[in-house]
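# predicted model and sequence below, questions to follow.
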Amino acid sequence: MSSIIVRGLDDHVKQQLASQAKEHGRSMEAEVRDILTKAARRPHIGMAFLSAARDVDGVDELPIPTRDDVARAADFE
């Protein structure tokens, strides 16, 4: 099993995690492990749409327009 260290975590986030862990009756480490596990297993919505479209056929023949526009800087004045 792997370990990770998260640096620079906001104190408010840490307090929120501790509160959630207490509500669920587990350690903060177990709470974070559960959150990360659920997030990693969540399907990617774009890939889900692509898979659904492929099941219907024809998606591979759709034209993909080239992007030739240039990004512009926002003017906040």
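On my side now, so go ahead.

# can you pull out the helices in the chain?
11-24, 28-41, 45-56 (DSSP state H).

# out of the ones you listed, which is closest to Phe76?
Closest to Phe76 of the helices of the chain, according to CB to CB: helix 11-24, at 28.2 Å. Bear in mind the C-beta positions are built from the backbone N, C-alpha and C, glycine included.

# now stretch 8-18: buried residues?
Buried residues in stretch 8-18, counted by 16 or more other CB atoms under 10 Å: Leu17.

# average pLDDT for it?
Averaging pLDDT along stretch 8-18 gives 95.

# for it, list the C-alpha coordinates in PDB.
Written as PDB, here are the backbone C-alpha positions of stretch 8-18 (Å, rounded to 0.1, in the frame of the first residue of the first chain):
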ATOM      1  CA  GLY A   8       0.000  23.300   2.100                       C
ATOM      2  CA  LEU A   9      -3.500  22.100   3.000                       C
ATOM      3  CA  ASP A  10      -5.600  25.000   4.200                       C
ATOM      4  CA  ASP A  11      -6.500  24.800   8.000                       C
ATOM      5  CA  HIS A  12     -10.200  25.100   7.200                       C
ATOM      6  CA  VAL A  13     -10.000  22.000   5.000                       C
ATOM      7  CA  LYS A  14      -8.200  20.100   7.700                       C
ATOM      8  CA  GLN A  15     -10.900  21.100  10.200                       C
ATOM      9  CA  GLN A  16     -13.600  20.100   7.800                       C
ATOM     10  CA  LEU A  17     -12.000  16.700   7.200                       C
ATOM     11  CA  ALA A  18     -11.600  16.200  11.000                       C
END
